[in-house]
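K.L.:
Dropping the sequence and predicted coords here.
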Amino acid sequence: MTSHNASFGLYCSLVDTRSWTARDMPPERWLIMLTAAEIAELEAAGDAFLSLGKDVGEISAEDFPLPTLGLRLVELRRQLLHGVGV
């Protein structure tokens, strides 16, 4: 893996058992495709939140209901924190 140090314009290699390259991570391992139903659920949740007139900083799970997609997002979070995202 190569890293760029912007302050010096230098590149250096990172060698670690946890490092990976683009070749190791094809898009099908990290690209998330949403179904039409999941997109509709997001849009409905957005509309529901906007109807409350709250600031985006006040958003909560109760204000942004994702009854189906929410479960998938929990699993994606787990993967990011403990899987390929580490």
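P.N.:
Arrived safely.

K.L.:
Tell me which residues of stretch 28-40 come out buried.
P.N.:
By neighbour count with 16 or more other C-beta atoms under 10 Å, stretch 28-40 contains the buried residues Glu38. Yep, even glycine has a C-beta here, placed from its N, CA and C like the rest.

K.L.:
Glu58: how many residues sit nearby?
P.N.:
Neighbourhood size, Glu58 [other C-beta atoms under 10 Å]: 10.

K.L.:
Show me where this protein dips below the pLDDT cut-off.
P.N.:
1-15, 17-18, 84-86 (pLDDT under 70).

K.L.:
how about the helices in this protein?
P.N.:
Assigned by DSSP state H, the chain shows helices spanning 27-30, 36-52, 69-82.

K.L.:
so what secondary structure elements neighbour the second one?
P.N.:
Packing partners of helix 36-52 (3 or more C-beta pairs under 8 Å, 6 or more residues apart in numbering; DSSP states H and E): helix 69-82.

K.L.:
quick one: contacts of the helix it packs on?
P.N.:
Helix 69-82 is contacted by residues 32, 34, 38, 41-42, 61, 66, 85 when judged by C-beta atoms under 8 Å, 6 or more residues apart in numbering.
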